[in-house]
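S.K.: Here is my input; please provide its structure:
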Amino acid sequence: MNYKHPNLFVMIPYEERNRVSGYFDLSVVGEEYAKLLGDLTDELSTYAVSKNDVGENAVIIPILRAGMSMSNRLTKRLPKADVARISMRRNLHTLKPFVAWDEFEQIKEPESKRVFITDPALATAGSVLKTLEHMKKYGFKDENVVIMAMFGCQSGIERIFKEHPEVKLFLVHMADGIREDGYLLPYNGDTGDRLYGVRENEYVI
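M.R.: So this is what the prediction gives:
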């Protein structure tokens, strides 16, 4: 995977995929999987966050459910940062995400806030794009946004930079591509399901 962009940082090169083998092992679930994602978040944050940064004037935005697996660790790295969650659902027919609820109203002066969005898997990037679109309604600025993710494919990443060229993206590892059903290749299952169990109301008519 040789895709490059000036605002993209990939921590683990394609040739070292063995370092993230547990990410693709579907038998790794629950607390074990949460620890794996947390440890990778700690490592990624050494690149995405300045050494002496404790989160002043920053807000962490986890995209639920899976984004919590990263934000739980990032809050320890940035103890003074606010946290504002956003929850997504998907339309049963179009598979497109929409915002179920958010906590953005609690953030004061959002236009000046540094933002860290956490979402482990960037496949179509639909959830991240919907989050960025929704954030603008509250006054958040793209130039202040850092996206942190575990795994992503070129097509989804290109969509993000096409629509939001000023954001920065820190990625643990690049995927090979995306399946017809929207999952990444190699297949790693649904991150939220592996962490918390199957959510019966994932899709809404």
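S.K.: Now do the same contact list for the most centrally placed residue in the chain.
M.R.: Most central in the chain under C-alpha atoms, centre = their mean is Asp119, positioned 1.8 Å from the mean C-alpha point. Counting by C-beta atoms under 8 Å, 6 or more residues apart in numbering, Asp119 touches Pro62, Ile63, Ala66, Gly67, Met70, Ser127, Val128, Thr131, Ile147, Met148, Ala149. From N, CA and C alone the C-beta is placed, and that goes for glycine too.
S.K.: how near is it to Asn18?
M.R.: Distance, Asp119 to Asn18, using C-beta to C-beta, to the nearest Å: 24 Å.
S.K.: Please apply the same query to Asp102.
M.R.: Plainly put, Asp102 is 38 Å away from Asn18 if you go by C-beta to C-beta.
S.K.: Which of those two has more residues huddled nearby?
M.R.: Shown here are Asp102 and Asn18; by other C-beta atoms under 10 Å, Asp102 has more neighbours (20 against 7).
S.K.: wait, what's in contact with that one?
M.R.: Asp102 neighbours (C-beta under 8 Å, 6+ apart): Ala84, Arg85, Ile86, Ser87, His134.
S.K.: Gly67 now?
M.R.: Ile61, Arg85, Ile117, Thr118, Asp119, Pro120.
S.K.: The first one looks like it's in a strand, true?
M.R.: Yes: the secondary structure assignment for Ile61 places it in a strand, going by DSSP: H, G, I helix; E, B strand; the rest coil.
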